[in-house]
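> Provide a 3D model corresponding to the input given below.
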Amino acid sequence: MASPSDLENPTATSALPYSYAPLPDGEQPAGNDRTIRPSRKTALFLVSVLLAVAFLVALFAGNRPIFPKNLNTSPVPSTAATPENVTPSSRGVDKGVSEKAFHPLLGADNSYPWSNNMLDWQRTAFHFQPKKNWMNDPNGPVFYNGWYHLFYQYHPDAPVWGKIVWGHAVSKDLINWRHLPIAMETDQWYDEQGVWTGSATILPDGQLVVLYTGSTNESVQVQNLAYPADPSDPLLINWVKYPGNPVLVPPPGIDNKDFRDPTTAWKTPEGKWRITIGSKINKTGISLVYDTEDFRTFELLDGLLHAVPGTGMWECVDFYPISKQGENGLDTSVDGPGVKHIVKASMDDDRNDYYAIGTYDAYKGKWTPDNPTLDVGIGLRYDYGIYYASKTFFDQNKQRRVLWSWIKETDTEASDIKKGWASVMGVPRTIVLDKKTQSNIIQWPVEEINRLRTNLTVFKDVVVEAGSLVPLNLPSASQLDIVAEFEVDKKTVERLNGADAAYNCARNGGAAQRGALGPFGFSVLAHEGLAEHTPVYFYVAKGVDGNLKTFFCADQSRSSNANDVDKSIYGSIVPVLKGEKLSMRILVDHSIVESFAQEGRSCITSRVYPTKAINSNAQLFLFNNATASKVTVSVNVWQMNAAHV
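Numbering: from 1, shown residues only. Down below sits the predicted model:
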């Protein structure tokens, strides 16, 4: 989290301009509005086509390996009402996996002439990604024998989703990475269609075991066991798959394609190991619970760890303890009076990661949210931008819980093919309970990222008048770590009459929507004249009761002149307690921008694809688009060195 040293005074403060150009306002340009959907007729037509294709594939498939009949469980007949809107499944969702979801609007001109220079610039400098080709979910992150290991969903043959294997890399510091050979291939009938997401568990004697979802030769989702071929090898180059795989198959009542992503195991009061697996029944998202003593045979517990109606399929479920008082992370098996438990799930329906804080009954194997209105899938999110299929692990090396997540592309598949790669991982984050609010978690980039900082520039007590724009002169603006504090003019706040404090980052015009107390913040990856720019900002609204509500937003609507990229506006309300200054941190790394408000209470990850604001043309601005109040800002900006990724 931000500390006083992050806002230190330099020997020399950078000079500021004496006159400011007004920040352009106006309507949000027509673009990829996420609320727009194909018409019902179009959707039904596409569904019909997909069904016809599926029928033909089934008709002409021949001499395929026969899947054991006793593993083909039948789903419970659905009693759910027919949904009002029918949309076609993409090729990945149809198979039950995470994949590229962005597609340009129907009828849009998608022929932007991307140059090699533009595409080369998009590759990040300090976010993990393989050398080439497609990547998605993080798998089995673990600290083992002195090395951090990251496995990940990987298609080794192309920069598009396909037959997925486990890529593998190791690091000493979570920032610089050494790429290793593929850990697990699709070489068995039980994972022929994909070695999908899984988790690692370290046993008390130091042994390491992995459970992962395999997609069988008949596309049934099963759970499989694997372990290192040589436990003494700190790099874990070679892996052995248990000869008795699969160790778990979909239980009665669960569809063959709705049973995936086993968690890290934790100890029960009886000394057994326990895992949970995501699924659904009709439209109710659920987490199944299994106990085991040897990771080979499993007992399905009565009931569920948790379920939330209407949330759909739960992918990549995560379950872990969090300390109510301490700042350290906790091993997954820790429980007791000073502990709360987090349940997180990736929602297949909307492709966002939701979490909730609650109480775990270890004897019943059930978890209850502290606040049912903030339950999994309907309440808090890890990140209000592009952040999916996340996974935590307990880092016993530094006594912390570390979060990884997949950051997908939001350009076109054609662009991915041209540049030869797709997707990155977010910067790993630590997770602790927010001790001030007790109702949310705090996420913050791991401390090791600070080692990449260089060339600090400080702007102290900059007064930004209403309607003003301040260029911050920097040697370069494509790789930055920005830490800032804002103070809104108190006298203005006091004299303003309260009004309807309803605001929505996405639906209220983004940074162009002007209110008395906002928006204000930074325009990152900005081109001179703001032909392209990505505002990250606060919007403060004063209610009729006199109370303030603060929103944290990222506006991609003007991020690129290209018409074949997503330009969504993201954000949500962020808690600000009495006496707190508004603070934000922004990591800019070429085409990815990770933003943190109030020391990590709210986070937004953006993917942006500028055509002009790249290389030496990328600039950074402070702006205040409020109509009534000035803001005073103190900013530290570091250039960021490249990591070995």
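> where do the strands sit along the stretch 451-600 of the chain?
Assigned by DSSP state E, counting those that start in this stretch, the strands in the stretch 451-600 of the chain fall at 453-464, 468-472, 479-488, 517-526, 534-542, 548-555, 569-573, 582-589, 592-597.
> could the ones you listed go into TSV alongside mean neighbour count, distance to residue 168 and mean pLDDT?
C-beta here means a position set from N, CA and C on the backbone, and glycine is covered the same way. Output for the strands of the stretch 451-600 of the chain, formatted as TSV (neighbours: other CB atoms under 10 Å; distance: least, CB to CB, whole Å; pLDDT from 0 to 100):
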stretch	mean neighbour count	distance to residue 168	mean pLDDT
strand 453-464	16	29	97
strand 468-472	21	40	97
strand 479-488	21	26	98
strand 517-526	28	32	97
strand 534-542	25	33	97
strand 548-555	24	32	97
strand 569-573	22	32	97
strand 582-589	23	23	98
strand 592-597	26	22	98
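> not counting its neighbours along the chain, what's nearest residue 409?
residue 422 (5.0 Å; CB to CB, 6 or more residues apart in numbering).
> what does residue 188 give?
Leaving out its chain neighbours, the residue that sits closest to residue 188 by CB to CB, 6+ apart is residue 241, at 6.2 Å.
> surely that neighbour meets residue 229?
No. If you go by CB atoms under 8 Å, residue 241 and residue 229 don't touch, sitting 10.1 Å apart.
> so these two - more neighbours on which side?
residue 241 (20 against 11; other CB atoms under 10 Å).
> beta partners of the more buried one?
Here residue 241 sits in beta bridges with residue 226, as judged by DSSP bridges.
> how confident was the prediction at it?
Looking at residue 241, its pLDDT reads 98.
> do residue 499 as well
Looking at residue 499, the pLDDT reads 83.
> which residues touch it?
541, 542, 543, 544 (CB atoms under 8 Å, 6 or more residues apart in numbering).
> residues contacting the third one?
With CB under 8 Å, 6+ apart as the criterion, the residues that contact residue 543 are 498, 499, 500, 501, 549.
> so which of those residues sit within helices?
Using DSSP state H, no member of these sits in helices.
> what is the nearest of these to residue 375?
The closest of the contacts of residue 543 to residue 375 turns out to be residue 549 (CB to CB; 22.1 Å).
> in the sheet, who's paired with the closest one?
Going by DSSP bridges, residue 549 forms beta bridges with residue 541.
> distance check, it against residue 595.
Residue 549 sits at a distance of 19 Å from residue 595 (criterion: CB to CB, to the nearest Å).
> can you redo the strands of the stretch 451-600 of the chain as CSV with distance to residue 266?
What follows is those, written out as CSV (distance: least, CB to CB, whole Å):
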stretch, distance to residue 266
strand 453-464, 36
strand 468-472, 47
strand 479-488, 35
strand 517-526, 40
strand 534-542, 37
strand 548-555, 33
strand 569-573, 30
strand 582-589, 32
strand 592-597, 29
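> residue 157 is nearest to which of those strands?
strand 592-597 (24.5 Å).
> mind listing the strands that closest one pairs with, and their directions?
For strand 592-597, pairing defined by DSSP bridges yields strand 582-589 (antiparallel), strand 602-607 (antiparallel).
> of those, which approaches residue 121 most closely?
In terms of CB to CB, the element of the strands paired with strand 592-597 nearest to residue 121 is strand 582-589, at 11.2 Å.
> pull the residues that contact that closest one.
With CB under 8 Å, 6+ apart as the test, strand 582-589 has contacts from 2, 124-127, 427, 445, 449, 477-488, 521-522, 524-525, 536, 538, 540, 550, 552, 576, 593-599, 640.
> before we move on, back to that, and residue 165, which of the strands of the stretch 451-600 of the chain is closest to it?
strand 592-597 (24.3 Å).
> residues in contact with that closest one?
Strand 592-597 is contacted by residues 124, 127, 385, 407, 424, 426-427, 443-445, 524-525, 534, 536, 538, 552, 554, 574, 582-587, 602-608 when judged by CB under 8 Å, 6+ apart.
> center of this structure - which residue?
residue 387 (1.8 Å; CA atoms, centre = their mean).
> helices of this protein, start to end?
With DSSP H as the definition, the chain shows helices at residue ranges 40-60, 91-94, 116-122, 413-419, 490-495.
> which of those helices comes out lowest on mean pLDDT?
Lowest mean pLDDT within the helices of the chain: helix 40-60, at a mean of 37.
> stretch 505-515: which residues count as buried?
Across stretch 505-515, burial judged by 16 or more other CB atoms under 10 Å covers 505, 506, 508, 509, 510, 511, 512, 513, 514, 515.
> check the fourth one and give its pLDDT.
Okay, so that is residue 509. Note on residue 509: pLDDT of 89.
> again with residue 311
We have a pLDDT of 98 for residue 311.
> contacts only, for it.
283, 284, 285, 345, 347, 349, 376, 377, 378.
> swap in 10 Å and give it another go.
Contacts for residue 311 (CB atoms under 10 Å, 6 or more residues apart in numbering) come out as 280, 283-286, 345, 347-350, 354, 375-378.
> could you check how far the residue nearest to residue 188 is from residue 267?
Counting by CB to CB, the gap from residue 241 to residue 267 is 25 Å.
> equivalent analysis for residue 357, please.
According to CB to CB, residue 357 and residue 267 sit 21 Å apart.
> more neighbours: which of the two?
Higher neighbour count among residue 357 and residue 267: residue 357, with 22 against 16, using other CB under 10 Å.
> the more buried one against residue 380, yeah?
Yes. The pair residue 357 / residue 380 is scored as a contact, 8.3 Å apart, by CB atoms under 10 Å.
> touching both of the two, which residues are there?
371, 374, 439, 440, 441.
> show me where pLDDT drops low in the chain?
Counting by pLDDT under 70, the low-confidence segments of the chain come to 1-110.
> what residues are up against residue 363?
Residue 363 makes contacts with 268, 269, 270, as judged by CB under 10 Å, 6+ apart.
> for it, grab phi and psi.
Residue 363 adopts backbone torsions of phi -80, psi -40, taken as degrees, to the nearest 10.
> ok, now how distant is residue 184 from residue 586?
Residue 184 is 36 Å from residue 586, by CB to CB.
> cool, residue 532 as well?
Taken as CB to CB, the span from residue 532 to residue 586 is 17 Å.
> also residue 434?
For residue 434 relative to residue 586 (CB to CB), the value is 20 Å.
> try residue 489
23 Å.
> next one: residue 227
Taking CB to CB, one finds residue 227 at 41 Å from residue 586.
> try residue 521
Distance of residue 521 to residue 586, computed by CB to CB: 9 Å.
> can you add distance to residue 321 and give the contacts of residue 543 back as a markdown table?
Supplementary listing: the contacts of residue 543 in a markdown table, determined by distance: CB to CB, whole Å:
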| residue | distance to residue 321 |
| --- | --- |
| 498 | 41 |
| 499 | 43 |
| 500 | 41 |
| 501 | 36 |
| 549 | 32 |
